[in-house]
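Undergrad: Could you look at this predicted model? Sequence included:
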Amino acid sequence: MLDIKLIREKTKEVEAALLKRMDKKDLDLKKILKLDEERRELLPKLEELQAERNKSSKTKPDAKTIEKMKKLGKEIKDLETKVLKVETDFTEALAALPNIPAEDVVAGDKENNKVIKSFKDQIEFDFEVKNHVDIATDLNIIDYPRAAKMSGAGFWVYVGDGALLEWALLNYFVDFHRSHPEYKFMIPPFLLSEKSAYISGHLPKFREDLFWTEEGKLCLNATSEMMLGNYHREEILAEEDLPLKYFAFSTCFRREAGAYRTEERGMVRGHQFNKIEMFHFTKPDDSWSAFDELLSYAEQLVEGLDLHYNTVQLAARDCSAAMAKTVDLEVWIPSMGGYKEVSSVSNALDYQARRGDVRFKDTDGKNKFVHTLNASGLATSRILPAILEQNQQSDGTVLVPKVLQKYMGKKVIGK
RNA sequence: GGAGAGGUGGCAGAGUGGUUGAAUGCGGCACCCUGCUAAGGUGUUACUCCGUUUAUUCGGGGUCGAGGGUUCGAAUCCCUCCCUCUCCGCCA
C-alpha cells in the first residue's frame, strides 16, 4: 500500500516511477486522487452532523430535540453509507497499486534483468550429464512414482541418502543463521487465514496458486514470508528493538497450476518444498543496509556449497508487486542449460508495513511505519538438484559438498 | 465435539443505556523536593482520520476483540464472527 499523501504531493514522480512496472493503460492515479478528494469532501460534512448529534446526547434531551435528532440520525446514516462506499473504492484502488520501484531498478520485464555477480563458472563435463531426476532415481534417493501414487503429480519422497541430504541442507542453513545470534529462529504454523494472506500481499493475486482448506478458509503457506510479514501485524514496536531479524523454517505448498514445463521436471517445481526464510523489520533509514546484509548472507549460503550461480538484479516488472527492489540468486542447473532461482532478496520499504500496520515509535514520539525485507536462505528444492547435477560424476555417484559432509557422515552418495 | 465464563488504555482492574476515551492502582515520562541508597510531591501518559497551523497548537469525527442491529443517545442491550480460559468427551 502506497502513501496517499505521497501520491497527492508528487503525482508526476509517482506516476513516472510506477510506469517502470506498469502499462500506462493500467495506471490511473487521477481516479485514485478523485476518490480521495471525494472522500475528503464528504467526511467533514458527516463529521459536522455527528458533532451535532453528540452535543445533544450528553444529557437526556427534551421531546422536541429527540424528534430533531431522529431526523438527523437518518441523514447521518445516509451519508455514512456514501462515505463507506467511497472509502472502500478508494482503498481498493490504492491497494491495487504496486510498490514504487527503487531508483536503481530499471524499467521493463525479465529481458532487462541484469547479472551483477557470478560465482564460479559452468562446469565442463567430459561425459554426458544426467538430469537430477535420473541421477536421484538411479541412486534411489528420491522416489517420484510412489509419491505420485500417494499424493499425485508434483510430489516426491526423500529416501535414504536423499532424506539425509535434505536434512543436511536444512541443518547447514540453520547453523549458518544461528551463527548470527541476532536472528531469531522460528517455526510458524503452515496454515494461515485469508486475512493474513491478504496482508502479506499474496491475495488476491495468488488465490489460484494456494491450497485451501474447505472449512475455516485457511490456506497452506506458500512461503513463510506470509507468516513473518504478519507476525508483528497491528503492533507498535519499540524503537530500541529494531531491527528485528528472523529466520524461519517452513514447508511451503504451491499449486503451481498449469506451471509445469518439461525442463522444470522433478524438484525444480513441485507442490511442496522446504525453505528457510530470512525476514527483517527495520527503521526506514536502515533498510538498504539490511538489504545488503540479506543478499550477502544468501550468497554466502550458496557459495558455501560451492555451487555456480549468478546474482541477478530484477527489472521492475519482474519484482513482485510489494517490492521496491529484488535481487535473485540463480543457481546453474546443467541439464536445463540454465539457471533457477534459489533465493529472492527483496526490500518492500513501508509497503507491507502499511498493509499490516506495523509501526514503531520514533525518537520524536511519532509512530512511523517500519520497513520490511525478506530473503530466502535458502529453499532446498532447487539447491538439491543443483548439487546432484553440478556434483555428478561419470560413474553416477554424487559428491557431497564439503559443508554437508559432517551432517551426512559421508563424502559421496552412491558408494 | 458438548457445556460454561470472558475479551476495556503498556499492565492490572472499575464501569451494565446519557459530558466515560473511560474511575483507581501499577508502570512510563517531565518537573519539583529531599545531601547517600531510597522515598515523596505535582503534572503528564492510547490510536487514527478530517480540517487548521510554517511548526508547536487548536477544533472536530471515529475507535472499549471484529462486524452488523436496536435507540434521540451504546463500552453498556440484541445478532453474527474471531480469540482466550475452565470443565466434560474424543484422539493420533
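TA: On my side now, so go ahead.
Undergrad: Would you mind listing what in chain A touches RNA strand B?
TA: Counting by C-beta under 7 Å from any atom of the strand, chain A comes close to RNA strand B at A:4, A:40, A:43-44, A:46-48, A:50-51, A:53-54, A:56-61, A:66, A:69-70, A:72-73, A:84, A:216, A:236, A:359, A:361, A:367. Where you see a C-beta, it was placed from the backbone N, CA and C, and this is true even at glycine.
Undergrad: and the residue of chain A nearest RNA strand B?
TA: residue A:69 (2.9 Å; C-beta to the nearest atom of the strand).
Undergrad: For that residue, grab phi and psi.
TA: Backbone torsions for residue A:69, taken as degrees, to the nearest 10, come to phi -70, psi -30.
Undergrad: Next, find the distance separating the closest residue in space to it that isn't next to it in sequence from residue A:63.
TA: In space, and not counting its chain neighbours, residue A:69 is closest to residue A:56: 5.6 Å by C-beta to C-beta, 6 or more residues apart in numbering. Counting by C-beta to C-beta, to the nearest Å, the separation of residue A:56 from residue A:63 is 12 Å.
Undergrad: more neighbours, the two?
TA: residue A:56 (15 against 7; other C-beta atoms under 10 Å).
Undergrad: Check what pLDDT that one gets.
TA: As predicted, residue A:56 sits at a pLDDT of 82.
Undergrad: That one against residue A:71, yeah?
TA: No. Contact status for residue A:56 versus residue A:71: not in contact, 12.0 Å apart, counting by C-beta atoms under 8 Å.
Undergrad: Just want the most central residue of chain A.
TA: Per C-alpha atoms, centre = their mean, the C-alpha nearest to the average position across chain A is that of residue A:225, at 5.0 Å.
Undergrad: pLDDT value on the closest residue in space to it that isn't next to it in sequence, please?
TA: Distances taken as C-beta to C-beta, 6+ apart place residue A:374 nearest to residue A:225, at 4.8 Å, with adjacent residues excluded. Residue A:374 is assigned a predicted lDDT (pLDDT) of 96.
Undergrad: With residue A:154 instead?
TA: 89.
Undergrad: ok, it touching residue A:256?
TA: Yes. Between residue A:154 and residue A:256 there is a contact at 6.6 Å, judged by C-beta under 8 Å.
Undergrad: shared neighbours, these two?
TA: Residues touching both residue A:154 and residue A:256 (C-beta atoms under 8 Å, 6 or more residues apart in numbering) are A:269, A:270, A:271.
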